[in-house]
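Visitor: pasting the sequence and the predicted coordinates here, then a few questions.
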Amino acid sequence: MLRWVGVWDISQIPWCCDSTDPESHQKHGGPMARYIFITGGVVSSLGKGLASAALGALLQARGYTVRLRKLDPYLNVDPGTMSPFEHGEVFVTDDGAETDLDLGHYERFTGVSARQTDSISSGRIYSNVLEKERRGDYLGKTIQVIPHVTNEIKDFLRIGDAEVDFMLCEIGGTVGDIEGLPFFEAIRQFIHERPRGQSILMHLTLLPYLRASGELKTKPTQHSVKELQSIGLAPDILVCRSEHPIPDKEREKIALFCNVRKDHVIPAYDLKTIYEAPLAYHRAGLDQAVLDAFGITPAPKPNLTRWEDVMDRLTHAEGEVRVGIVGKYTQLEDAYKSIVEGLTHGGMANRTRVKAEWIDAEIFEREDPTPYLDGLDAILVPGGFGERGTEGMIKAAQFAREKSVPYLGICLGMQMAVIEASRNLVGLKDAGSEEFDVEAGAKRFTPVVYHLKEWVQGNHTVQRKVGDAKGGTMRLGAYTANLTEGSHVAGIYGSTVIEERHRHRYEVDMKYRARLEACGLVFSGMSPDGKLPEIVEVRDHPWFIGVQFHPELKSKPFAPHPLFADFVRAAVEGARLV
Ligand code: GLN
């Protein structure tokens, strides 16, 4: 039986080629990975994550194996407890880590599944160090940033270095931030301790443009390089973000003042789409400069067909469909980063553009949803936490079900679809989720969605209690689901066994299964022990699917997730019928 575990199994997509060659690492002279550290200066949000991901893709295009890693200076142990408004989406890995959204970029560009150990925060480092101290591991010693914290960071950096040709480590924040100092110091030591030529530093900066004088200014770049130098680090490559073309003489000046070769000063201009980044960075000479800095000559020739195909699909799309995203964090697109990308990939699979229409679910708690939803080609209700906006999501699910509009409910979006059907089809007028009855003893709802307290992971049982700590206690990471033969989803996946990533605390109660199924809401995907519902679908509807997991986390531009590809196909078809 074909098992859908991720992108590499979607062989039916003819333009999905797999350039990850397991033998490659040996071929290119393992066992020790070469390290590329990526830092930023001048301002934040320069696109370090994207530059790292694009470089990873370019090294793969030259036949190398890569792993990407993010080092975040904040003191949270992981971003799992941060508000999406604060930090954007939380990206979940197969092995259940709640990580920064940059790891989503890494996976979307390289297809390499991130691991727990690819996301490291100061909080995690300090928490490990303090745990060791309490255990007595350092008995007799005074615990200090150098060497104890820096050693802990270096131990993390080394994990898996015998597995790949290149390890790309991005440091969050900008050089000079107080929180980042232990990471920079650890990198300094790490580079120094490795054999010469085994590690390089790539630094991203900004060249601001002064309209009055019509000039690009290099001084902030010079200052940020000085800042690096003052802590013992020297960049090998400078990536300079600029809204204007960088004249040759400015590149020369940067090279001279920053002690970097001129051909290692790489211009990075704004792009129409993030997926242009690998080709744009290649044209700018980034991968060549990196191989050069490692002394790899002659550099293996790149095969860029994957990215040329991606760009061809993006730039030669016909028509457009409008997908309404009815959620609660709609003011910040980054909160739904992977969903937006998943829809884009779905559009690419159908050679169509997908326009996301952001709708704040709370509006429907005051107003009739019809004027907002009428005319949309599909409706998506994404994941979320807490009660705010949920009555609006329920109305959106009802609209989609009654008006035969394609509906994709993700996690909370699935739970809301079940509550809607329980209320309006089964007749449980006060159906709701235990998540919303937060006040002790409050019983405002009949809980068709309940607090999950026990489940099976691999071959052990996980248990939770009300009042457990919030961080890392959800049902997280990849779990298998069995799909009903002949169901809509089994057809879409082309398989009856799938593996998808989860992040939830609540679950639809199977007590109501028979009544819901009698009304047409079918449970077509279940956990292997048959206890936890994973997928619901409406039987007599062109496309109505709710999933307890997050398919968006596994979608790639070169291998769109089947659910997103088929959801957009349904939207295109529906649009054609009108
Ligand atoms: N809040 C819901 C739960 O914990 C849904 C979570 C989500 O959408 N990721 O089950």
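Guide: Looks like it came in fine. Residues are numbered from 1 along each chain as shown.
Visitor: which stretches of the stretch 201-350 of the chain form strands?
Guide: In the stretch 201-350 of the chain, the strands defined using DSSP state E, counting those that start in this stretch lie at 209-210, 215-216, 237-242, 265-269, 320-327.
Visitor: what residues of the fourth one count as buried?
Guide: Same thing as strand 265-269. For strand 265-269, burial by neighbour count (16 or more other Cβ atoms under 10 Å) applies to 265, 266, 267, 268. In this view, the C-beta of every residue, glycine as well, is placed from N, C-alpha and C.
Visitor: what's near enough to touch residue 240?
Guide: Taking Cβ atoms under 8 Å, 6 or more residues apart in numbering as the criterion, residue 240 is in contact with 204, 205, 206, 207, 221, 246, 254, 265, 266, 267, 268.
Visitor: nope, residue 253 is what I was after
Guide: Residues in contact with residue 253, defined by Cβ under 8 Å, 6+ apart, are residue 218.
Visitor: how much space is there between it and residue 222?
Guide: According to Cβ to Cβ, to the nearest Å, residue 253 and residue 222 sit 9 Å apart.
Visitor: ok, longest helix in this protein?
Guide: Secondary structure of the chain per DSSP state H: the longest helix is helix 562-577.
Visitor: that helix: how far from the chain's middle?
Guide: Here helix 562-577 is found 23 Å from its chain centre; the criterion is Cα atoms, centre = their mean, to the nearest Å.
Visitor: that one packs against which elements?
Guide: Judged by 3 or more Cβ pairs under 8 Å, 6 or more residues apart in numbering; DSSP states H and E, helix 562-577 is in contact with strand 320-327, helix 337-349, strand 378-381, helix 488-493, strand 544-547.
Visitor: distance between the ends of stretch 138-154?
Guide: Counting by Cα to Cα, to the nearest Å, you get 17 Å between the two ends of stretch 138-154.
Visitor: pLDDT averaged over that stretch, what's the number?
Guide: Average pLDDT, stretch 138-154: 94.
Visitor: got it, and stretch 48-65?
Guide: In this model, stretch 48-65 has a mean pLDDT of 97.
Visitor: report whether stretch 392-405 contacts the ligand.
Guide: No. Stretch 392-405 lies out of reach of the ligand by Cβ under 6 Å from any ligand atom, never closer than 10.4 Å.
Visitor: how far does that stretch sit from the chain's center?
Guide: Using Cα atoms, centre = their mean, the offset of stretch 392-405 from its chain centre is 28 Å.
Visitor: pull the CA atoms of that stretch into CSV?
Guide: Provided in CSV are the C-alpha atoms of stretch 392-405 (Å, rounded to 0.1, in the frame of the first residue of the first chain):
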residue,chain,number,x,y,z
GLY,A,392,-18.3,33.5,12.9
MET,A,393,-16.3,30.5,11.8
ILE,A,394,-19.3,28.3,12.5
LYS,A,395,-21.4,30.6,10.3
ALA,A,396,-18.8,30.4,7.5
ALA,A,397,-18.9,26.6,7.7
GLN,A,398,-22.7,26.7,7.5
PHE,A,399,-22.6,29.0,4.5
ALA,A,400,-20.1,26.7,2.7
ARG,A,401,-22.1,23.6,3.5
GLU,A,402,-25.5,25.0,2.5
LYS,A,403,-24.3,26.8,-0.6
SER,A,404,-22.1,24.0,-1.9
VAL,A,405,-19.0,26.2,-1.8
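Visitor: run through the residues that contact the residue most central in space within the chain.
Guide: The chain has residue 104 as the residue nearest its centroid, 2.3 Å off, counting by Cα atoms, centre = their mean. The contact partners of residue 104, by Cβ under 8 Å, 6+ apart, come to 89, 91, 337, 338, 341, 553.
Visitor: which SS class is the first one?
Guide: Going by DSSP: H, G, I helix; E, B strand; the rest coil, the secondary structure assigned to residue 89 is coil.
Visitor: give me the number of residues near it?
Guide: Residue 89 is flanked by 26 other residues according to other Cβ atoms under 10 Å.
Visitor: related to what we said a few turns ago, closest to the ligand out of the buried residues of strand 265-269?
Guide: Closest approach between the buried residues of strand 265-269 and the ligand, by Cβ to the nearest ligand atom: residue 268, at 33.8 Å.
Visitor: quick one: that closest one and residue 241 touch, right?
Guide: Yes. Taking contacts as Cβ atoms under 8 Å, residue 268 lies within contact range of residue 241: 4.9 Å.
Visitor: between the two, which contacts overlap?
Guide: Common contact partners of residue 268 and residue 241 (Cβ under 8 Å, 6+ apart): 47, 204.
Visitor: how close does residue 40 get to residue 250?
Guide: Distance from residue 40 to residue 250, counting by Cβ to Cβ: 20 Å.
Visitor: so between these two, which is more surrounded?
Guide: In this view residue 40 and residue 250 are compared by other Cβ under 10 Å, and residue 40 has more residues nearby, 28 against 21.
Visitor: give the bridge partners for the more buried one, please.
Guide: Residues in a beta bridge with residue 40, per DSSP bridges, are residue 204.
Visitor: wait, isn't it in contact with residue 205?
Guide: Yes. If you go by Cβ under 8 Å, residue 40 and residue 205 touch, sitting 7.4 Å apart.
Visitor: need the overlap of contacts for the two.
Guide: In contact with both residue 40 and residue 205: residue 46, using Cβ under 8 Å, 6+ apart.
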